[in-house]
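Peer 1: Whatever this is, show me its structure:
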Amino acid sequence: MTVTAHEILAGVGIEARAELRMATHPVPLPSRLAVGDLAWAAVGAASLAAAHLAGSDSVPLDPDRIALAYASERYGRIDGETPTAFAPLSGFFRTSDGWVRTHGNYPHHARALRVGLALSDDATTDDVAEALRGMPAGVATQAIVSRGGICSPVFHERPDVEEELRTRPLVRIARLGHGAARRLEPLPGAPLSGVRVLDLTRVIAGPVSTRTLALFGADVLRIDSPHLPEIPWQHLDTGHGKRSAQLDLADPAGHARFDDLAADADVIVLGYRPEGLARLGLSPEDLAARHPGILVAQLSAWGAPDRRGFDSIVQAATGISWIDSRGGETPGALPAQALDHTAGYVLATSVMALLERRAREGGSWVAETSLRRVATELLGMPRTAEPHAFDAVDPADHTQSFDVAGRTVTTVGPAAAYDGGPTRFAPPRPWAADEAAWTER
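Peer 2: Coordinates of the predicted model:
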């Protein structure tokens, strides 16, 4: 069945008054799977949630803008040049009994991949390919993952597994504890004005979520470890309207500073592995115990089990890569990082739902989803024998440019929208350029 924006809203407890205007044409994301329909529903849900809080009655969305936003890494520019989206060690590799998909965009993951395959630090893509050709996919995956790297065999779809996962909600919402009700006091055109969000996410899904919250007026402060530098373009592509600071949360002083920030926050968005966060005392339960009334939005790759993963890896593990294989002999990929972007918009919708619920009932709450659960939603939607053909979309009418630290940064504009709401992103800040402090209300 096809998931709709209103079904996503109902699942998180919002009865939207606004109407989602009919699309003039499908979202042009060619795939055998209903990627365009899922993108329309996810962006529509976030837009309707914001319109609901703002008191707007209409949500006009642009299918072309949604498609470009879902593949934004292809259309962004820094000083006119297109950044590289994937590093050389990220991709499909043939093994002795099948295929694996690796992810080595971050230097520490690329290093772990080489160590897992007993290769030198300067080993090339060809060296990795040769090593993997002589190993079974399961053995290669275990060797890489055990060293902290990212890898998965490319599996075929398991309908029985998907059917069981589909019995679970797309977003799990639970009360964590007590807390006073806090009224929302939005400004015109900014339904989340006055809302403070601590952003502990990276890559795409979590940052898309917090970028959406910033678009609608939230004060978003992203916190990163000084030991894990971000990929510059990745931050610029999703950092709009946020401030960016560093804290070492494994250090007592850094942890104490974070707790000071959390004491004045409304929302904390978590995008790291739940096990790692729990070791630092940053599980949703820990945060609610220290900060009554806090709202926590948690995103993970898999939900359970707790292991590292990215959109492309979840595609490989769930059968999506074979479904979107163009020739049937080699794995393929969706036309965008659709699991990431969908999860981001769904999580932003959930945060808005929790803000409204806390205003009514008080309490501390958690909303939780995963890329794996989003994949299940996509796999349950209608599919076609061949991808639909679409006319190429000219990105020129859908991008905006900023001066960021003396460089011209061009990105796709907001996909989420409602009548009377913002139509442009605020500029991204350079990564780690700000103090770990709130702006004055």
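
Peer 1: Quick check: can you list the domain ranges of this protein?
Peer 2: For the chain, the structural domains run 5-80+171-306+334-392, 91-160+317-323, going by automatic domain parsing.

Peer 1: Now do residue 239 against residue 277, distance only.
Peer 2: 21 Å (Cβ to Cβ, to the nearest Å). C-beta coordinates here come from the backbone N, C-alpha and C atoms, glycine included.

Peer 1: Where do the strands of the stretch 101-250 of the chain begin and end?
Peer 2: 151-153, 172-177, 196-200, 219-224, 242-246 (DSSP state E, counting those that start in this stretch).

Peer 1: can you tell which of these is closest to residue 211?
Peer 2: Of all the strands of the stretch 101-250 of the chain, strand 242-246 sits nearest to residue 211, with 7.0 Å by Cβ to Cβ.

Peer 1: Now find how far off-centre that closest one is within its chain.
Peer 2: Taking the mean of its C-alpha atoms, strand 242-246 sits 18 Å from the chain's own mean (Cα atoms, centre = their mean, to the nearest Å).

Peer 1: what inclination does it have with respect to strand 196-200?
Peer 2: If you take axes from the mean of the first three to the mean of the last three Cα atoms, to 10 degrees, strand 242-246 sits at 50 degrees to strand 196-200.

Peer 1: Kindly confirm my reading that residue 389 is in a helix.
Peer 2: No: secondary structure of residue 389 (DSSP: H, G, I helix; E, B strand; the rest coil): coil, not part of a helix.

Peer 1: can you list the strands of the stretch 101-250 of the chain in TSV and add mean neighbour count and mean pLDDT?
Peer 2: Putting these into TSV (neighbours: other Cβ atoms under 10 Å; pLDDT from 0 to 100) gives the following:
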stretch	mean neighbour count	mean pLDDT
strand 151-153	24	98
strand 172-177	16	97
strand 196-200	24	98
strand 219-224	24	98
strand 242-246	21	97
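
Peer 1: nearest to residue 428, of those?
Peer 2: Nearest to residue 428, of all these, is strand 242-246, at 7.3 Å by Cβ to Cβ.

Peer 1: Identify the residues contacting the residue most central in space within the chain.
Peer 2: With distances taken as Cα atoms, centre = their mean, the residue of the chain nearest its centroid is residue 205 (0.5 Å). Each residue near residue 205 by Cβ atoms under 8 Å, 6 or more residues apart in numbering is listed here: 271, 299, 311, 339, 340, 341, 343, 344, 347, 371.

Peer 1: Kindly recompute the last result at 6 Å.
Peer 2: Listed by Cβ atoms under 6 Å, 6 or more residues apart in numbering, the contact set of residue 205 reads 299, 340, 343, 344.

Peer 1: Neighbour-wise, give me the winner out of the residues you listed.
Peer 2: Greatest neighbour count in the contacts of residue 205, by other Cβ atoms under 10 Å, goes to residue 343: 33 neighbours.

Peer 1: Just the element for that residue, please.
Peer 2: Secondary structure from DSSP states H and E places residue 343 in helix 338-361.

Peer 1: And the contacts of that helix?
Peer 2: If you take Cβ under 6 Å, 6+ apart as the criterion, helix 338-361 is touched by 12-14, 35, 38, 42-43, 45-46, 49, 70, 171, 181-184, 204-205, 208-209, 212-213, 267, 295, 297, 299, 311, 314, 365, 367, 369, 371, 374-375.

Peer 1: May I see the PyMOL selection of the buried members of those?
Peer 2: To isolate in PyMOL the members of these that are buried, counting by 16 or more other Cβ atoms under 10 Å, one can use:
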select buried, resi 12+14+35+38+42+43+45+46+49+70+171+184+204+205+208+209+212+213+267+295+297+299+311+314+365+367+369+371+374+375
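
Peer 1: taking the contacts of helix 338-361 one by one, which sit in helices?
Peer 2: Counting by DSSP state H, the contacts of helix 338-361 place 12, 35, 38, 42-43, 45-46, 49, 70, 205, 208-209, 212-213, 311, 314, 371, 374-375 in helices.

Peer 1: Which residue of the protein lies farthest from its centroid?
Peer 2: residue 134 (34.4 Å).

Peer 1: what separates that residue from residue 305, distance-wise?
Peer 2: 28 Å.

Peer 1: Ok, residue 293 next?
Peer 2: 31 Å.

Peer 1: that older thread, most widely separated two among the contacts of residue 205?
Peer 2: 299 and 340 (9.4 Å).

Peer 1: rounded to a whole number, what's the mean pLDDT of whichever strand or helix holds residue 287?
Peer 2: If you go by DSSP H and E, residue 287 is part of helix 284-290. Mean pLDDT, helix 284-290: 98.
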